[in-house]
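>>> for reference, the sequence and a predicted model appear below.
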Amino acid sequence: DSGVTQTPKHLITATGQRVTLRCSPRSGDLSVYWYQQSLDQGLQFLIHYYNGEERAKGNILERFSAQQFPDLHSELNLSSLELGDSALYFCASDGGRPPYNEQFFGPGTRLTVL
Amino acid sequence: AQSVTQLDSHVSVSEGTPVLLRCNYSSSYSPSLFWYVQHPNKGLQLLLKYTSAATLVKGINGFEAEFKKSETSFHLTKPSAHMSDAAEYFCVVRSSNFGNEKLTFGTGTRLTIIP
């Protein structure tokens, strides 16, 4: 158990809908990272938040947004969903300060868009 | 910029024989390197990490990796494969550059163990 929690584990929805994925980092970690794992794109970095502020963006679509709240949990919002958004979404956390060692991953949310 | 190339998408070995999963990296800054494992329908688990200390790194479950700067390689090895090692393995690079702390994943190597 990494100490990172994600809810829900599974999400099934229809095209055009909007969903919210939630992540709670390990106790004491200030950074949250979101990654998408799909068959065609592999594991890709989406976005990084540090202590409530956006620090870096990766290959995140404009239809997707995220935020980190004062209690440090984070939410990833996916809107106008398309079939191609079906994927496993991971969040990870770390202390957010050097040295930059490993990130600790949650169990993931599997999103299926029908 | 940073990138990782996993040289084999699939590797099959017999139980009890050595495992070698190959990885080459590229990084503009002093990199940290990791191997993560993903069992079917599971999350990502850290196997081992290199963070500029010893170049030969020992991880969990008998896995090792050697950082070779001259060859920009970080190959993963295990002397004797076990059935429970069947999984997807990811080589991962992370720069030490502020604002670029994300992990960059290789495309993965699927390890199959033949009984």
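Yes, it's here. Bear in mind the structure is a predicted one, so any value in this text is a computation, not a measurement. Residues are numbered from 1 along each chain as shown, chains lettered A, B, ... in the order given.
>>> can you list the weak-confidence ranges in chain A?
Applying pLDDT under 70 to chain A picks out residues A:99-100.
>>> make it 80
Across chain A, the ranges flagged by pLDDT under 80 are A:95-101.
>>> how close does the most centrally placed residue in it sit to B:T107?
With distances taken as CA atoms, centre = their mean, A:W34 lies nearest the centre of chain A, 3.1 Å away. To B:T107, A:W34 is 20 Å away according to CB to CB, to the nearest Å. Where you see a C-beta, it was placed from the backbone N, CA and C, and this is true even at glycine.
>>> residues contacting B:Q45?
A:105, B:36-39 (CB atoms under 8 Å, 6 or more residues apart in numbering or on different chains).
>>> from these, keep the buried residues only.
A:105, B:36-38 (16 or more other CB atoms under 10 Å in any protein chain shown).
>>> my guess is B:G108 meets A:Q37, correct?
No: using CB atoms under 8 Å, B:G108 is not in contact with A:Q37; the gap is 9.6 Å.
>>> what's the closest non-adjacent residue to A:S38?
Leaving aside its sequence neighbours, A:S38 sits nearest to A:A87 (CB to CB, 6 or more residues apart in numbering or on different chains; 4.0 Å).
>>> before we move on, what about A:R55?
A:H48 (4.7 Å).
>>> for A:V32, same thing?
A:S74 (4.2 Å).
>>> can you give me the neighbour number for the one you found?
24 (other CB atoms under 10 Å in any protein chain shown).
>>> kindly report the same for A:E53.
Using other CB under 10 Å: A:E53 sits among 9 other residues.
>>> what pairs with the residue lying closest to it once chain neighbours are set aside across the strands?
Sequence neighbours aside, A:Q68 is the residue nearest to A:E53 in space, at 7.7 Å (criterion: CB to CB, 6+ apart). Beta bridges link A:Q68 to A:S74, judged by DSSP bridges.
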